[in-house]
Each structure stands twice: as C-alpha cells, then as structure tokens.
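A.B. asks: show me how the following folds:
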Amino acid sequence: MNQNQRHEEESGRFQTSFAGRVYLAFAVVLVLMAATAAVCSAIPFEPWLVFLIVLLIGLPIGAVLMARILRPLDITLSGLRDGISSFRDRDFSLRLASGRSDEMGELARLYNDVGRLLQEERHNIRQKELLLETALDRSPVAIMLVNQLGRVIFSNPEARNLLLGGTKLEGRSFAEIEQRCPEDMREILASEGEGIFSVKRDEVVETYHLSQRRFLLNQKKNSLVLLHRLTGELGRQEAAIWKKVIRVISHELNNSLAPISSLVHSAKLIRERPDLSHKSEEIFTTIEERLNHIGQFIEGYAKFARLPEPQKSEVDWSDLFRNLGDFPGLTVEEPLPLRPGFGDVPQLRQLLINLVKNAVEASETEPQVSIRVRDAGNGTFLHISDRGSGMDGETMKMALLPFYSTKKTGTGLGLALSREIVEGHGGKISLQSRPGGGTIVTCWLPAH
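C.D. replies: So this is what the prediction gives:
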C-alpha cells in the first residue's frame, strides 16, 4: 500500500469516526426523546404537553452532547485560523496542540509539520541570502539592480563608493545617477549593451568595463548593471604582453640573424674561391632581403614607441575624410559639424585609418562601416561603427592593450596606437557592443 492510499484510508477512517460521533449523539437524543414520549404516553397527559416535555428533556441533552462533540473541532479550527493568519504575516513559529488521537489531532500534526517545513525553508533561504549578500558586499565589481520603475532596489558598497561616494543608492532614480556619470558611460547605458570606457581622476586614467542584463524578477522587468574596474587587471595583462613582445622580437631577430651569419661565412669562403664568385651576388641579395625584413619588422613596433607630441591646429572635417583613402563599405554620415575640430591632422588621419581598417577586417561578409562626427560643445565625438562579429567581454577588456591581437598575422598595434593618439590629444577612447551585432569605437577629442 503506497502513501497516498494509506493517507486516503486514514482520512476516511477519521471522517467516519467524527461522523459516527455526530450520528451517535443524534441517536442518543432520539432514544431519550422516544423514551420520554413513551413514559408520558402512559400517563393521561394532553398530546401537546407530552410534546413539550419531550422537547424540554431532549433538546438540552442533545445540545450538551453536540457541544461536547464539536468542541475539539471548534478549538482546532480556531487554532488553524490563527496559524494561517501567522503564515500570512510570515510567522511560521506558531504550533497547535496535537495530543489527540482522532482526526483533529492528525490535522493539528499536519499543520505543525507544514509550519516546521516552512520555517526550515525560510531559515535555509535566509542563510543563502546572507551568503550571497556577503559575496556581493565584498565583490570588486560595482553591482546595481534597477526595477521597472527606474529605481535602484539593490547596490553593493563598491557601487555606492564609485557612483555617489558611499551614499545610499536604494530608492534613488537611476536616471538621476546616470546624469552624474561620464558621457562615455551614459552612451553605453543607452545602448543597453556592454563596453569599455576610461575616466581621468586626479591625473590617473581609470578604465572600466560596463555590462547590462535584462531579466524578469517576480514577473517584473529588472536591469542588472555591472561596473568592473580594469585598471589593475590591465596593468598586469600589459606586463604579460610586453614579455610576450620581447620573446617575439627575440625570436624574429634570431630567425633572421642566424641565416645572415651563415651567409656572411659563405661569402668569406667565396672570396677565397674565385671560381665561386658568381654566387656572391645571390648571397648579398639574400642578406639584403633579410635585413629589409628586420627593418620593416622593427619599424612597425618602433612607430608605436616614437609617436610624437601632437601638433594641433584646426581640422576641417571634409578635408580630413576626403583624404582618408578608399575603404569598401565605408560611409561618412552627414551633416558634418560646422565648427572645425582641433588636433594633429596627420595623427587624426592615422587614427581613422587604423579604426576603419580594423572595422573592415572585422566584417565577415560585405563591410558596413560608418563614421559619425558629433560636436558636443566641449569637444568632438568620433563614432566608428561596424556590423562585424563583435567582441566578447574578454576580448573587449584586452583590445586596447599594445600588441594584443586575435588575428594570426596581426601585430596588435592598431587599437593601441589609436589609443595613444587619442590620449595624446587629451581625449578618451571607448569600446561598446552595437545593438544588432558589431562594435562601436568612440573617440572624444577636446575642443580648442
């Protein structure tokens, strides 16, 4: 016999037991009334008097019996009412007396079991909440949860310290907090995606990775905003990349110098063998090719190291884009700002060539690259957008580091050199995912 069948059998027995008591009470009352009627009928009383005597004797006895039988039910139902009310108030500590062996006792025991289970579940959930709260409070990532009304309903200490200097964020309008954020961060928030941006504080440039997630919580739309400081992590990664670069340069030089050394030795032997003089031209040609290869290899890396100070002047946007070069799928959005920009024209041209070249190479099919120039009063924003495969979070964190590349033949200098040019102008560069796929590189250049 399974548990459900046993429960049904016990429930049927309990219900029969309680009903049997009620039936027994009615039977006793009826027997007493019948006996009273029989006694009265033997005495020459009027029928109405017999009826009245039967009522006066039978009803009180019946009422006492029914009250005695129904009292446990009344007590149990009253306790259940109070207990369920306490459940509604999230208090699961109330227990009922369950010493009876009838169905009322069983009902009280079932209630107590449910209350105990709910109390244990709430305790377990609270322990998990405390563990999660401790982890979030100690997380180096700034975390905010925003409800569908645009109000912050949760923030950890890192978010409070980073955005409002430690002031409580809960209950505040996220739109008001957003207005205090850097414009690069506001643009990423508006895109509802993720991105990288930098902020200069006390002559120190801090780099952050911002990501957003939308989800349903209790059937209501909520937003999770994560802000991760990357400055220290990027510093460690940059040191690792420099070590890798040194190994690459050393490997490349060794690969070229070893053949050159061998060829020089061969040239010395030929000098002593006039009959082999016709091979000297081939040897010197090969040496020249290897030296040119080394020169080109070193020049690519040296260009990054010797970027000069920008010689700033007014920038005519039309002329700048006119001499940019011919790239497939490139569109310059009109209209261009009427006010000229301010910067080193050759460096800005190199900046745009690097970024457009990266955007074209990121496109898996036909390139769709656009440049938008926006005058912000205190400076100019350059937005270079593509519809390529985009970047995942890890690639986006590393993309601005020197010599980091996801391409097998890439040098990793394009974005790094672009960053040096922008920061050399006193500006900032940021990356963000583009809605619908692709990447947006945003450069801010200060005004005159």
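A.B. asks: can you pull out the strands in this protein?
C.D. replies: For the chain, strands defined by DSSP state E occupy the ranges 141-146, 152-155, 195-201, 204-217, 220-229, 313-315, 330-332, 341-343, 369-375, 379-385, 428-433, 439-446.
A.B. asks: quick check: which of the ones you listed is nearest to Leu117?
C.D. replies: Checking those against Leu117 by C-beta to C-beta gives strand 204-217 as the closest, at 24.9 Å. C-betas here are computed from N, CA, C, even on glycine.
A.B. asks: tabulate the CA atom coordinates of the closest one in CSV.
C.D. replies: Taking Å, rounded to 0.1, in the frame of the first residue of the first chain, the C-alpha atoms of strand 204-217 are listed here in CSV:
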residue,chain,number,x,y,z
VAL,A,204,45.2,58.9,-13.2
VAL,A,205,43.2,57.3,-16.0
GLU,A,206,40.9,54.5,-14.8
THR,A,207,39.4,52.0,-17.2
TYR,A,208,36.1,50.3,-16.7
HIS,A,209,34.1,47.5,-18.3
LEU,A,210,30.3,48.1,-18.1
SER,A,211,27.7,45.4,-18.8
GLN,A,212,23.9,45.2,-18.5
ARG,A,213,21.4,42.4,-18.3
ARG,A,214,17.6,42.5,-18.6
PHE,A,215,15.6,39.8,-16.8
LEU,A,216,12.2,39.1,-15.2
LEU,A,217,12.0,39.0,-11.4
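A.B. asks: other SSEs contacting that strand?
C.D. replies: When contacts are defined as 3 or more C-beta pairs under 8 Å, 6 or more residues apart in numbering; DSSP states H and E, strand 204-217 sits against helix 183-191, strand 195-201, strand 220-229, helix 231-271, helix 393-398.
A.B. asks: if we look at stretch 384-395, which residues are touching it?
C.D. replies: With contacts defined as C-beta atoms under 8 Å, 6 or more residues apart in numbering, stretch 384-395 is touched by 194, 209, 211, 352, 355-356, 359-360, 362-364, 367-372, 399, 406, 431, 433-434, 436-443.
A.B. asks: what do you get if the cut-off is 7 Å, keeping everything else the same?
C.D. replies: Stretch 384-395 is contacted from outside by 194, 209, 211, 355-356, 359, 362-364, 368-371, 399, 406, 433-434, 437-441, using C-beta atoms under 7 Å, 6 or more residues apart in numbering.
A.B. asks: of these, buried ones?
C.D. replies: Neighbour counting over the contacts of stretch 384-395 (16 or more other C-beta atoms under 10 Å) leaves 194, 209, 211, 355-356, 359, 362-363, 368-371, 399, 433-434, 438-441 as the buried ones.
A.B. asks: where does pLDDT dip in the stretch 251-400 of the chain?
C.D. replies: Residues of the stretch 251-400 of the chain that meet the criterion pLDDT under 70 lie in 251-252, 255-256, 275-278, 296-297, 299-306, 397-400.
A.B. asks: domains of this structure?
C.D. replies: 3-128, 140-229, 251-305, 313-446 (automatic domain parsing).
A.B. asks: tell me where the stretch 51-200 of the chain has helices.
C.D. replies: Secondary structure of the stretch 51-200 of the chain by DSSP state H, counting those that start in this stretch: the helices cover 103-137, 157-164, 174-179, 183-191.
A.B. asks: in the last one, which residues are buried?
C.D. replies: For helix 183-191, the buried set under the neighbour-count rule, 16+ other C-beta under 10 Å, comprises Glu183, Asp184, Met185, Glu187, Ile188, Leu189, Ser191.
A.B. asks: same deal with the first one?
C.D. replies: Taking 16+ other C-beta under 10 Å as the neighbour-count basis, helix 103-137 is seen to contain the buried residues Glu103, Met104, Gly105, Glu106, Leu107, Ala108, Tyr111, Asn112, Gly115, Leu136.
A.B. asks: same check on the third one?
C.D. replies: Judged by neighbour count (16+ other C-beta under 10 Å), helix 174-179 contains these buried residues: Phe174, Ile177, Glu178.
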